[in-house]
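based on what follows, work out the 3D shape:
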Amino acid sequence: YAFKASAFSMRFSKRPKRCLILVTALFVGLFYVLRTHRKSTSVVYSNTKIYILTATYPRLVQRAELTRLCNTLRNVKNIHWIVCEDSESKTNLTATLLERCGVPYTHLFAETPSFARQMPSVPYWTHPRGVAQRNRGLQWLREVLVQGHDKAVLYIADDDNTYSLDLFEEMRSTRRASTWPVGLSGELPWEGCVTLPENRSHISSMWVAHNPQRPFPIDMAGFAVNVNLVLEHPTAALDYNLPRGMQESHFLLGLGLKHWSELEPKADGCQKILVWHTRTADPVLASWRRLQAQGILAPPIQDPV
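Numbering: from 1, shown residues only. Sure thing, here's the model as predicted:
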């Protein structure tokens, strides 16, 4: 009986070990499958090109702003930078900067019509800026890309905002239109999409102070769209004759979208700030003007400011 009991206990003691080995093997297999799937998904989306459309205009800080944005985009793979300047022709300043930047680019120009030009004494937010330039960029996309053939996403990026590199990888998987919060926007620390803890894949509300009844109460920096939407809707564009804050809604409605709840939440379910609506302060040049008035000129320098 002692022998039988000992044999039984040995068989019984082996079962937990076998179960442990089986469970470990299952976890290792599951980890491998998930890792492989994640890698394959990453590879699929890494093949998606991002077209970054930037409107720019002449000012003292223009070169500094474009240089900073260039240095950001240098670190992003598989992009094409569309830069359209507010001018009657391409300027040497922008052309030289883009050539030196090292990022694949297209250089365009479109002059803002006289009726839409902003007076120096008027606050910057009273008039929409970059409408003609962004529309020219949209026109270029429709001339160059083929619907259903080019796998790409469009993002409209101001030259003075601040961008995390993670933002571009987030938007790369946009199926139709995606969104995320924007820092320092709308007179709030941040504004944009909100999701609930139990479902981070669906937008439950929008956190915004100005006109929350808009179909899409978001900043231009807070969304990206699949290029196929732009090609499918050839008349979707921006418009000077719109109330303040309606450019984004007008454009997205023109792409066939109806409501902010259709947008795909990015940035960990709208939990992270990956872009900030920043503005460079106007430089103080009182000494320069005083010296000019005295007939004292600055020494010649090869580079523009």
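
let me see the ranges of the strands in the stretch 151-300 of the chain.
Secondary structure of the stretch 151-300 of the chain by DSSP state E, counting those that start in this stretch: the strands cover 152-156, 162-163, 177-179, 182-185, 188-196, 199-207, 223-226, 264-265, 275-276.

distance to residue 288 for the ones you listed - can I get that in JSON lines?
Backbone N, C-alpha and C define where each C-beta goes, glycine included. Listed next are these as JSON lines, based on distance: least, CB to CB, whole Å:
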{"stretch": "strand 152-156", "distance to residue 288": "34"}
{"stretch": "strand 162-163", "distance to residue 288": "27"}
{"stretch": "strand 177-179", "distance to residue 288": "43"}
{"stretch": "strand 182-185", "distance to residue 288": "30"}
{"stretch": "strand 188-196", "distance to residue 288": "35"}
{"stretch": "strand 199-207", "distance to residue 288": "43"}
{"stretch": "strand 223-226", "distance to residue 288": "40"}
{"stretch": "strand 264-265", "distance to residue 288": "48"}
{"stretch": "strand 275-276", "distance to residue 288": "30"}
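
to residue 170, which of the ones you listed lies closest?
Residue 170 lies closest, by CB to CB, to one member of the strands of the stretch 151-300 of the chain: strand 177-179, at 7.6 Å.

which other helices and strands contact the closest one?
Under the contact criterion of 3 or more CB pairs under 8 Å, 6 or more residues apart in numbering; DSSP states H and E, strand 177-179 touches strand 223-226, strand 264-265.

distance from the chain centre to that strand, please.
Between the centre of strand 177-179 and the centre of its chain there are 10 Å (CA atoms, centre = their mean, to the nearest Å).

which residues sit against it?
170-171, 192-193, 203, 218, 222-226, 229, 252, 255, 257, 260, 262-266, 270 (CB atoms under 8 Å, 6 or more residues apart in numbering).

same question for stretch 140-157.
Stretch 140-157 is contacted from outside by 47-54, 69, 82, 106, 108, 134, 163, 168, 171-172, 174, 220-221, 224-228, 230-232, 234, using CB under 8 Å, 6+ apart.

how about that stretch: buried residues?
140-141, 145, 152-157 (16 or more other CB atoms under 10 Å).

widest-spaced pair of those?
Across the buried residues of stretch 140-157, no pair lies farther apart than 145 and 157, at 18.2 Å, counting by CB to CB.

which of the contacts of stretch 140-157 count as buried?
Buried among these by 16+ other CB under 10 Å: 48-54, 69, 82, 106, 108, 134, 163, 168, 171-172, 174, 220-221, 224-228, 230-231.

just the buried residues of stretch 140-157 now: which is nearest residue 245?
Set against residue 245, the nearest of the buried residues of stretch 140-157 by CB to CB is residue 156 (15.2 Å).

please name the bridge partners of that closest one.
Beta-bridge pairing of residue 156 under DSSP bridges involves residue 53.

ok, it to residue 225 distance?
Distance of residue 156 to residue 225, computed by CB to CB, to the nearest Å: 9 Å.

cool, residue 145 as well?
Using CB to CB, residue 145 is found at 13 Å from residue 225.

same deal with residue 172?
Distance, residue 172 to residue 225, using CB to CB: 13 Å.

got any ranges where the stretch 101-250 of the chain has weak pLDDT?
121, 124-126 (pLDDT under 70).

ok, 90 please
In the predicted model, the stretch 101-250 of the chain carries pLDDT under 90 at residues 114-129, 146-150, 244.

need the contact list for the residue nearest to residue 116 when sequence neighbours are not counted.
What sits nearest to residue 116 in space, not counting adjacent residues and going by CB to CB, 6 or more residues apart in numbering, is residue 240, at 4.8 Å. Contact analysis of residue 240 by CB under 8 Å, 6+ apart lists 113, 115-116, 128, 131.

do residue 229 as well
Residues counted as contacts of residue 229 (CB under 8 Å, 6+ apart) are 176-177, 236, 255-256.

what about the helices in the stretch 201-305 of the chain?
Ranges of helices within the stretch 201-305 of the chain are 227-232, 247-254, 267-270, 286-293, based on DSSP state H, counting those that start in this stretch.

tabulate these (CSV), appending distance to residue 122.
Below are these laid out as CSV (distance: least, CB to CB, whole Å):
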stretch, distance to residue 122
helix 227-232, 31
helix 247-254, 18
helix 267-270, 34
helix 286-293, 22
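
any idea which element residue 136 lies in?
Using DSSP states H and E, residue 136 falls within helix 131-144.
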